[in-house]
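Participant: coordinates only, sequence not included:
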């Protein structure tokens, strides 16, 4: 149902639009950073680092608009929860952007004539992390608590992926000591992707609260345990 | 939970053939402020007025169900309505001081209820009531001035002083701030905070922020029904009923 004061709806609509836009930028930053890594493309990596500034700018805009809505519209109940969630989600998405930027920063450092084999398994993990980000933000746009729950549950798979990549990379370092410097960077890349998944999980938890008014941890679980962050 | 001060059970109110309140049950405890909210015509003021039988003065009004004050049926034939209204005081939307001196406005109730006849005691009651209403310092040097010469906010606090002068147990407030500016409103809200605990307070307000600020529990009325009654912090952050949510977020009403 619409608000009696129509301008309120357009404010909230704009806030949602900014969050989607930010999420889209963060998601593509992850993809592009990984592409730059794959192709050893420092120019593309530089582009990712530059694009991070627009994510930061949108975060500032979300903050401004959210404060304005709280001051001028005094939102209540689900409206209030949504504005607060938007404010918090913007900060988290900004962090996700920073992780993508950090991956891009490592591209010039990993550059080498010979390709390090384990690089080929990272894009699949990156796709999974990017998908979690997109799904969490889609859940926000649709105010869909069930979809948010699925994002949280999918984090376990990403964590497993990280564990297996970690083992692969360590094995690679043991067998090819000359590549330790470069592979260490790949370890950080994998860790960054794992952290992106954690942040997407946080976004999903905020979406769940905004949509239902209850914390995900307090929900009635039909015998199913919550995913515990293993690290 | 402490024993309720007011217990309303299955209360319905009719104006002629129109049902203004439909089967409302509610408890108010001694130590709380309860807010009634809802769109115009939802019955919140009508219901408030049943709590000290103000509807008796409306010829077409008929009340069904039971309302107890400390377990005593206030609609029982044996109930002295004048005494009831001393126990359950009321403050109205528009400040309505008597066209008498400030002193007389406050002294009138205790005098007619025979609470005291000694001048000194009456002076004490007047001063105490004006102090509790947060008005003493502003009027102590002009107690003989007319009550109607005060500002709107002061007049409203005078009406509150008048209500508490007869030492009531419950104070009903029907939109007490709707005619006041923000500063006068803040003073009344501060006063409500100070009076809380000493009197059970029920306040009807159209200002939801006010309901959120002053009350511990909030009741939402719509079309004569009590839709939701719960902790104020829950009602305004996570209401259970869709209708409550739509109302408090400004989607209708």
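Facilitator: Done, it's in. Since the structure is predicted, the reported quantities are computational estimates derived from the model, not experimental observations.
Participant: The closest residue to chain B within chain A - nearest residue in space that isn't next to it in sequence?
Facilitator: With Cβ to the nearest Cβ, the shortest gap between chain A and chain B falls at residue A:213, namely 3.2 Å. Yep, even glycine has a C-beta here, placed from its N, CA and C like the rest. Sequence neighbours aside, residue B:238 is the residue nearest to residue A:213 in space, at 3.2 Å (criterion: Cβ to Cβ, 6 or more residues apart in numbering or on different chains).
Participant: number of nearby residues for residue A:24?
Facilitator: 15 (other Cβ atoms under 10 Å in any protein chain shown).
Participant: for it, what are its contacts?
Facilitator: When contacts are counted by Cβ atoms under 8 Å, 6 or more residues apart in numbering or on different chains, residue A:24 is found next to residue A:137.
Participant: so who does residue 51 touch?
Facilitator: Picking chain A for this. Neighbours of residue A:51 in contact, by Cβ under 8 Å, 6+ apart: A:25, A:29, A:32.
Participant: To clarify, I was referring to chain B.
Facilitator: Shown in contact with residue B:51 (Cβ under 8 Å, 6+ apart): B:6, B:8, B:67, B:74, B:88, B:170, B:172, B:202.
Participant: try residue A:58
Facilitator: A:18, A:21, A:22, A:25, A:90 are the contacts of residue A:58 under Cβ under 8 Å, 6+ apart.
Participant: what about it, which SS state?
Facilitator: Of the three states, residue A:58 takes helix according to DSSP: H, G, I helix; E, B strand; the rest coil.
Participant: And the helices in the stretch 51-200 of chain B, which stretches?
Facilitator: Assignment of helices within the stretch 51-200 of chain B using DSSP state H, counting those that start in this stretch yields the ranges B:81-87, B:102-112, B:119-132, B:136-139, B:152-165, B:182-195.
Participant: Remind me what the shortest one packs against, helices and strands.
Facilitator: Secondary structure elements in contact with helix B:136-139, counted by 3 or more Cβ pairs under 8 Å, 6 or more residues apart in numbering or on different chains; DSSP states H and E, are helix B:119-132, helix B:152-165.
Participant: Mind putting these into CSV with distance to residue A:138 and mean neighbour count?
Facilitator: What follows is the helices and strands packed on helix B:136-139, written out as CSV (distance: least, Cβ to Cβ, whole Å; neighbours: other Cβ atoms under 10 Å in any protein chain shown):
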stretch, distance to residue A:138, mean neighbour count
helix B:119-132, 57, 17
helix B:152-165, 51, 25
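Participant: Compute the number of surrounding residues for residue A:180.
Facilitator: 13.
Participant: same question for the helix or strand that contains it, mean pLDDT?
Facilitator: Using DSSP states H and E, residue A:180 sits in helix A:180-212. Mean per-residue pLDDT for helix A:180-212: 95.
Participant: Also stretch B:165-178?
Facilitator: 95.
Participant: Give the buried residues for it.
Facilitator: B:165-177 (16 or more other Cβ atoms under 10 Å in any protein chain shown).
Participant: what does the stretch 151-253 of chain B put close to chain A?
Facilitator: B:208-209, B:236-239, B:244-246, B:248-253 (Cβ under 8 Å from any Cβ of the partner chain).
Participant: Highest neighbour count among the residues you listed?
Facilitator: Busiest of these [other Cβ under 10 Å] is residue B:248, holding 26 neighbours.
Participant: Please report the distance of that residue from residue A:107.
Facilitator: 51 Å (Cβ to Cβ, to the nearest Å).
Participant: distance of the spatially closest residue to residue B:167 that is not a sequence neighbour from chain A?
Facilitator: Nearest non-adjacent residue to residue B:167, counting by Cβ to Cβ, 6+ apart: residue B:115, 7.2 Å away. Here residue B:115 is placed at a distance of 43 Å from chain A (Cβ to the nearest Cβ, to the nearest Å).
Participant: Now do the contacts for residue B:115.
Facilitator: Residues near residue B:115 by Cβ under 8 Å, 6+ apart: B:109, B:125, B:166, B:167.
Participant: Over to residue B:142?
Facilitator: residue B:102.
Participant: picking up where we left off before, does the residue nearest to residue A:213 touch residue A:215 like I think?
Facilitator: No. Using Cβ atoms under 8 Å, residue B:238 is not in contact with residue A:215; the gap is 10.9 Å.
Participant: give me phi/psi at the residue in chain B that chain A sits nearest to?
Facilitator: Here chain B gets closest to chain A at one residue, residue B:238, 3.2 Å apart by Cβ to the nearest Cβ. Main-chain dihedrals, residue B:238, degrees, to the nearest 10: phi -150, psi 70.
Participant: can you map out the strands along chain B?
Facilitator: Counting by DSSP state E, chain B has strands at residues B:4-15, B:18-29, B:33-37, B:61-69, B:72-73, B:88-91, B:170-174, B:200-204, B:217-222, B:225-231.
Participant: as a whole number, average confidence for stretch B:139-153?
Facilitator: 95.
Participant: ok, now stretch B:215-226?
Facilitator: 97.
Participant: Please apply the same query to stretch B:44-56.
Facilitator: pLDDT averaged over stretch B:44-56 gives 94.
Participant: Return the set of buried residues in that stretch.
Facilitator: Buried, per 16+ other Cβ under 10 Å, within stretch B:44-56: B:44, B:45, B:46, B:47, B:48, B:49, B:50, B:51, B:52, B:53, B:54, B:55.
Participant: Close to chain B: what parts of chain A are there?
Facilitator: Applying Cβ under 8 Å from any Cβ, we find that chain A lies next to chain B at A:1-5, A:8, A:73-81, A:213-214.
Participant: What are the neighbouring residues in contact with residue B:4?
Facilitator: Contacts of residue B:4 (Cβ under 8 Å, 6+ apart): B:27, B:28, B:29.
Participant: can you do 10 Å?
Facilitator: Residues counted as contacts of residue B:4 (Cβ atoms under 10 Å, 6 or more residues apart in numbering or on different chains) are B:26, B:27, B:28, B:29, B:30, B:32, B:68, B:69, B:70, B:71, B:200.
Participant: What of residue A:4?
Facilitator: By Cβ under 10 Å, 6+ apart, the contact list for residue A:4 reads B:246, B:249, B:250, B:251, B:252, B:253.
Participant: any idea which element it lies in?
Facilitator: Using DSSP H and E, residue A:4 is not contained in any helix or strand.
Participant: Residue B:233 contacts residue B:218, correct?
Facilitator: Yes. With contacts counted by Cβ atoms under 10 Å, residue B:233 reaches residue B:218, the gap being 9.2 Å.
Participant: joint contacts of those two?
Facilitator: The overlap between the contact sets of residue B:233 and residue B:218 (Cβ under 10 Å, 6+ apart) consists of residue B:212.
Participant: Same drill for these two, tell me which one is more crowded.
Facilitator: Neighbour tally, residue B:233 and residue B:218, criterion other Cβ under 10 Å: the higher count belongs to residue B:218, 28 against 13.
Participant: doesn't residue B:229 make contact with that one?
Facilitator: Yes. Between residue B:218 and residue B:229 there is a contact at 7.4 Å, judged by Cβ under 10 Å.
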